[in-house]
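Q: with the input below, show me the fold.
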Amino acid sequence: MFKRTRYQHGSIEKEERKKGPAVWVYRWWEEDINGRLVHRKAQVGDVKKYPTESAAHAAADALRLTINNQCAHRSLRRTTINTLWEHYSQEELPLKALSTQDAYLIYANNWIVPRWGNLPLQEIKTVEVERWLRATDLADGTRAKIKSVMSALFSHAVRWEFCSHNPISSGIPVGSGGKRGPSTGVRISAKRQRSPLVLSPEQVKFGLAELEFRDQLLVFLEGALGIRQGELGALRWVECDFENMSFSVQHSYYWRRGGNLKSTKTEASAKLLPMHPSLKHSLQEWRSQSRYNKPEDFVFPSERLQGTKPLDLASVLKKKIQPAFRRIGITGVGWHTFR
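A: Numbers count the residues shown, from 1 in each chain. Predicted structure coming up:
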């Protein structure tokens with residue numbers, strides 16, 4: 001006789017802790033390998049993250065999906081984008097870089113969840129998402145990133161068998177045949193709406209004349225190496241090989257969440273870069289002026305934080321570099337301008 005699988009709803013309870021805020025706990029029954037029912041529990045989160053019981057129940061929906069999915073495969077016809085996002089946040093998001101996590105949170109909380117959160121996965125249609133994105137007044141690059149996050153969510157749903165196909169990357173259910181690829185999914189261009197700012201050598205020269213030595217060196221270094229903002233901030237003296245006239249860019253710095261030193265974005269970013277003689281001379285002069293000149297010190301440290309973290313380059317751009325270029329009639333300068 002075929003044994004019917006039982007699916008869990010479970011219960012939510014608030015537990016007080018000796019230290020720290022109270023936590024919400026999800027409890028359910030589960031069969032062990034001998035067929036006996038065993039009481040299980042899992043922590044959902046504390047009352048700071050989920051201040052109400054309804055919020056805790058919504059978060060626990062993601063746990064229910066995992067528990068029930070492990071018990072048996074089934075079609076979760078009423079799984080909503082809200083529940084899928086909560087599940088993705090618990091299972092997949094923590095595996096990504098902190099900067100990627102923060103970007104996903106912004107796109108999900110500001111656009112995806114407010115618009116689609118209460119809809120079941122099966123009701124999300126390719127053309128409707130495309131029309132919604134086209135109707136927004138967002139830049140094409142932002143639309144493309146929202147599409148990318150939605151596609152990642154549905155890829156996660158397909159992998160966990162919460163739905164049969166990804167309507168963002170392809171409108172065709174798995175196993176139905178037919179053409180697959182970009183032409184069958186949401187069509188959104190990522191093309192820039194305006195050309196990036198390009199400075200002439202003379203404009204750079206006049207802009208540099210408005211800056212102090214440290215900021216001149218920052219611009220000079222960014223232009224010479226073409227590295228990312230985080231890689232420029234993470235540069236340490238040990239990575240500046242004056243003897244062999246080269247740079248070994250190994251890390252990138254992420255300023256949010258208290259600061260995080262991580263590996264470079266790609267392997268290509270970590271290759272050796274040549275050091276121009278004039279850049280070598282300027283860096284050596286800067287090192288002689290800096291209080292933080294040991295091998296493991298940042299080349300551009302934060303004086304306010306006593307060298308424990310690199311200079312906040314976003315702040316330097318806003319307070320020093322952009323005003324300097326505005327004084328010579330140039331607006332819209334960013335770190336990418338010098339790469």
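
Q: now the strands: where do they sit in the chain?
A: In the chain, the strands defined using DSSP state E lie at 11-15, 23-31, 37-46, 240-241, 246-248, 251-254, 260-263, 272-274.

Q: in stretch 155-163, what's buried?
A: Of the residues in stretch 155-163, those buried by neighbour count under the rule 16 or more other C-beta atoms under 10 Å are His156, Ala157, Val158, Trp160, Phe162, Cys163. Bear in mind the C-beta positions are built from the backbone N, C-alpha and C, glycine included.

Q: mind listing which of those residues are in helices?
A: His156, Ala157, Val158 (DSSP state H).

Q: related to what we said a few turns ago, would CSV of the strands of the chain with distance to Thr331, mean pLDDT and mean neighbour count be doable?
A: Listed next are the strands of the chain as CSV, based on distance: least, C-beta to C-beta, whole Å; pLDDT from 0 to 100; neighbours: other C-beta atoms under 10 Å:
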stretch, distance to Thr331, mean pLDDT, mean neighbour count
strand 11-15, 53, 89, 13
strand 23-31, 50, 82, 17
strand 37-46, 44, 83, 14
strand 240-241, 33, 96, 17
strand 246-248, 31, 94, 18
strand 251-254, 27, 90, 20
strand 260-263, 31, 81, 14
strand 272-274, 30, 92, 13
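
Q: now distance to Gln306 too, for those strands, in CSV please.
A: CSV is the format used below for the strands of the chain (distance: least, C-beta to C-beta, whole Å):
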stretch, distance to Gln306
strand 11-15, 41
strand 23-31, 36
strand 37-46, 33
strand 240-241, 21
strand 246-248, 25
strand 251-254, 16
strand 260-263, 16
strand 272-274, 29
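
Q: nearest to Lys191, of those?
A: Minimum separation from Lys191 across the strands of the chain (C-beta to C-beta) falls at strand 251-254, 26.6 Å.

Q: the closest one packs against which elements?
A: The contact analysis (3 or more C-beta pairs under 8 Å, 6 or more residues apart in numbering; DSSP states H and E) places strand 251-254 against helix 229-234, strand 260-263.

Q: to Arg304, which of those lies closest?
A: helix 229-234 (14.6 Å).

Q: C-alpha coordinates for that closest one, CSV please?
A: Written as CSV, here are the backbone C-alpha positions of helix 229-234 (Å, rounded to 0.1, in the frame of the first residue of the first chain):
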residue,chain,number,x,y,z
GLN,A,229,37.8,51.3,-6.3
GLY,A,230,37.9,48.5,-3.7
GLU,A,231,41.3,47.3,-5.1
LEU,A,232,42.7,50.8,-4.9
GLY,A,233,41.5,51.2,-1.3
ALA,A,234,42.9,47.7,-0.3
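
Q: in stretch 191-208, what counts as buried?
A: Residues of stretch 191-208 classed as buried under the neighbour-count rule (16+ other C-beta under 10 Å) are Leu199, Gln203, Val204, Phe206, Gly207, Leu208.
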